[in-house]
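Chemist: Could you look at this predicted model? Sequence included:
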Amino acid sequence: MNPGIANLIVSLRSAELPVWNTCDGPDLSPELRVRGLTDEMLSMAVFALNPFEPGCSFTTWIIWNLSPSPLVPEGIPPQDVVTAPVDAVQGTNDYGSIGWRGPCPPPGETHRCLFKVYGLDAMLDIAPGTGKHDVIDAMRGHVLGFGETAAMYSR
């Protein structure tokens, strides 16, 4: 942990993603719980990564300008500007689509999904559909807190 960066505690319902958060179900974005948010945090950003897909940091979900809340609700629709169940903006994942894309391992394999949550001191002024590198650039100098968790999914 970097000095001055708060430790966010991020958790999921369980260590295994339920089928409804994967390609074998309706592929809903998962519920995330976040503790350790401070009054100085004006927004949150979330990245989900699947290290089992090609590429060293294959990003399956990018969402930002979430209100700092202890709960990121399940089922955020795959659209660039979201107004329900929360207000947020989503970027283009490494599949080339907007919104969450859950794990879909080959039969007999297990994939791990990493969730990285950032507490920021600003709302990010970047276009909906922006890719991960530009979102990361926009976050530079604004990160007040960070936490991560992981879940598995087997087929």
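Modeler: Looks like it came in fine. Residues are numbered from 1 along each chain as shown.
Chemist: Point me to the residue sitting farthest from the middle of this protein.
Modeler: residue 108 (25.9 Å; Cα atoms, centre = their mean).
Chemist: Shouldn't that residue be within a helix?
Modeler: No. Counting by DSSP: H, G, I helix; E, B strand; the rest coil, residue 108 is not part of a helix but coil.
Chemist: Next one: the residue nearest to it when sequence neighbours are not counted relative to residue 67, how far apart?
Modeler: Nearest residue to residue 108, sequence neighbours excluded (Cβ to Cβ, 6 or more residues apart in numbering): residue 155, at 7.1 Å. Glycine gets a C-beta too; all of them are placed from N, C-alpha and C. As judged by Cβ to Cβ, to the nearest Å, residue 155 and residue 67 stand 35 Å apart.
Chemist: if we can go back for a sec, and the gap between the residue farthest from the centre of the chain and residue 58?
Modeler: For residue 108, the distance to residue 58 - Cβ to Cβ - is 20 Å.
Chemist: circling back to that earlier point, quick one: pLDDT of the residue nearest to residue 108?
Modeler: On the pLDDT scale, residue 155 is placed at 91.
Chemist: who's in contact with it?
Modeler: 24, 104, 105, 106, 107, 108, 109 (Cβ atoms under 8 Å, 6 or more residues apart in numbering).
Chemist: hmm, back to that, do you know how far the residue farthest from the centre of the chain is from residue 4?
Modeler: For residue 108, the distance to residue 4 - Cβ to Cβ - is 45 Å.
Chemist: now do residue 155
Modeler: 42 Å.
Chemist: Next, count neighbours for the residue lying closest to residue 110 once chain neighbours are set aside.
Modeler: Closest residue in space to residue 110, ignoring its immediate chain neighbours: residue 154 at 4.2 Å, by Cβ to Cβ, 6+ apart. Neighbours of residue 154 under the rule other Cβ atoms under 10 Å: 13.
Chemist: ok, now residue 25?
Modeler: 12.
Chemist: before we move on, back to that, would you turn the contacts of residue 155 into JSON lines with distance to residue 50 and pLDDT?
Modeler: Shown next, in JSON lines, are the contacts of residue 155 (distance: Cβ to Cβ, whole Å; pLDDT from 0 to 100):
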{"residue": "24", "distance to residue 50": "15", "pLDDT": "95"}
{"residue": "104", "distance to residue 50": "9", "pLDDT": "90"}
{"residue": "105", "distance to residue 50": "9", "pLDDT": "90"}
{"residue": "106", "distance to residue 50": "13", "pLDDT": "91"}
{"residue": "107", "distance to residue 50": "17", "pLDDT": "93"}
{"residue": "108", "distance to residue 50": "17", "pLDDT": "93"}
{"residue": "109", "distance to residue 50": "12", "pLDDT": "90"}
